[in-house]
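1. How does the following fold in three dimensions:
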Amino acid sequence: MTPLSFSITLVLMLLTINAFGLLYSLIVIYTPWFTRYKIQPKPYPKDIFFKRMPLYGLNFTILLTFAGLGGYAIHPYISHEMPPVALLAIQVLIAFVFDDVFFYFYHRWLHVNKTMLGKVHFIHHRANPPFPLEYLYNHPLEWMLGMIGAVFGCVVAGLIFPLSTFTIICFGAIRNLHEIHIHSDLNLPLISKIPLISKTKHHDDHHSMLDGNYASTFVWWDKLFKTELKNDSKN
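-> Coordinates of the predicted model:
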């Protein structure tokens with residue numbers, strides 16, 4: 001895989017997943033198909049999706065630029081061979097754990113620091129109830145700083161075992177799908193049974209209460225640091 005082909009692969013992966021997120025959002029907002037799985041009974045404001053599209057587009061462009069240029073830049077320093085499946089899974093898990101460590105403390109800081117909360121992070125909290133593509137609805141500064149976690153996770157995973165292009169692609173794809181999922185405001189029966197990862201309600205409660213439940217992927221950070229919301233359930 002050449003630097004250009006790796007860069008293009010990352011961009012195409014993100015385009016595909018977010019095209020799914022776009023379609024998923026339109027279905028959730030404009031059809032009754034998933035109504036019975038909604039967590040919050042609140043209706044979506046009229047035309048909210050299209051009013052927010054400019055910010056979605058800006059942040060998605062930043063994401064594609066970061067992925068494309070970043071993939072091209074790191075290509076000479078990573079492995080291009082497919083690692084054993086077990087090693088691939090371990091690396092992806094390590095990347096997720098350290099990404100989530102960063103996100104927990106970064107997200108908590110966005111709430112504790114009143115300047116950041118009032119001028120930056122409040123934008124994301126307009127997403128209440130959220131829908132799948134709302135993970136893109138952030139102040140661009142918050143969005144770019146949040147990318148540090150993904151880089152941090154991959155760096156740590158690469159320090160333990162040689163990092164491969166396949167690890168980065170798998171981690172990026174699952175991470176994007178997870179963000180789309182936790183912003184869906186849906187308690188889907190099969191997905192809610194997946195062990196280890198946080199449920200949609202964990203992040204949904206954060207949006208509705210503007211406090212607590214700061215972790216994204218693993219709820220144990222909120223349990224460990226006593227920031228888990230009391231009305232957060234196992235569903």
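2. got the phi/psi numbers for S164?
-> Taking degrees, to the nearest 10, you get phi -120, psi 160 for the backbone angles of S164.
3. Might you report the residue contacts of it?
-> The contact partners of S164, taken as Cβ atoms under 8 Å, 6 or more residues apart in numbering, are I78, S79, H80, E81, M82, P83, L88, Q91. Where you see a C-beta, it was placed from the backbone N, CA and C, and this is true even at glycine.
4. Swap in 7 Å and give it another go.
-> S164 sits next to I78, S79, H80, E81, P83 when contact means Cβ atoms under 7 Å, 6 or more residues apart in numbering.
5. Give me the nearest residue to the fourth one, chain neighbours excluded.
-> Setting aside the residues directly before and after it, E81 is nearest to S164 in space (Cβ to Cβ, 6 or more residues apart in numbering), at 6.5 Å.
6. Tell me, what's the model's pLDDT at the one you found?
-> pLDDT for S164: 94.
7. So it versus P76, what's the distance?
-> Separation of S164 from P76 (Cβ to Cβ, to the nearest Å) stands at 13 Å.
8. Can you get me a residue count around the closest residue to Y56 other than its chain neighbours?
-> Nearest non-adjacent residue to Y56, counting by Cβ to Cβ, 6+ apart: L136, 4.5 Å away. By other Cβ atoms under 10 Å, 26 other residues sit near L136.
9. what about L136, distance to T9?
-> In this view, L136 and T9 are 21 Å apart by Cβ to Cβ.
10. same question, L69
-> Counting by Cβ to Cβ, the separation of L69 from T9 is 14 Å.
11. what about the two, which has more around it?
-> Between L69 and T9, counted using other Cβ under 10 Å, T9 has the larger neighbour count: 18 against 12.
12. quick one: contacts for that one?
-> Going by Cβ under 7 Å, 6+ apart, T9 touches I169.
13. Off-centre distance for the helix or strand bottoming out on mean pLDDT in the chain?
-> Averaged element by element with mean pLDDT, DSSP states H and E, the chain has its least confident helix or strand at helix 200-209 (a mean of 86). From the chain centre to the centre of helix 200-209 is a distance of 14 Å (Cα atoms, centre = their mean, to the nearest Å).
14. quick one: V156 and I94 touch, right?
-> Yes - between V156 and I94 there is a contact under Cβ atoms under 7 Å: 6.1 Å.
15. on that earlier part again, tell me the buried residues in the least confident helix or strand of the chain?
-> Within helix 200-209, the residues that qualify as buried are T200, K201, H202, H203, D204, D205, H206, H207, S208, counting by 16 or more other Cβ atoms under 10 Å.
16. One more: stretch 82-101?
-> Using 16+ other Cβ under 10 Å as the test for burial, stretch 82-101 gives 83, 88, 90-92, 94-101.
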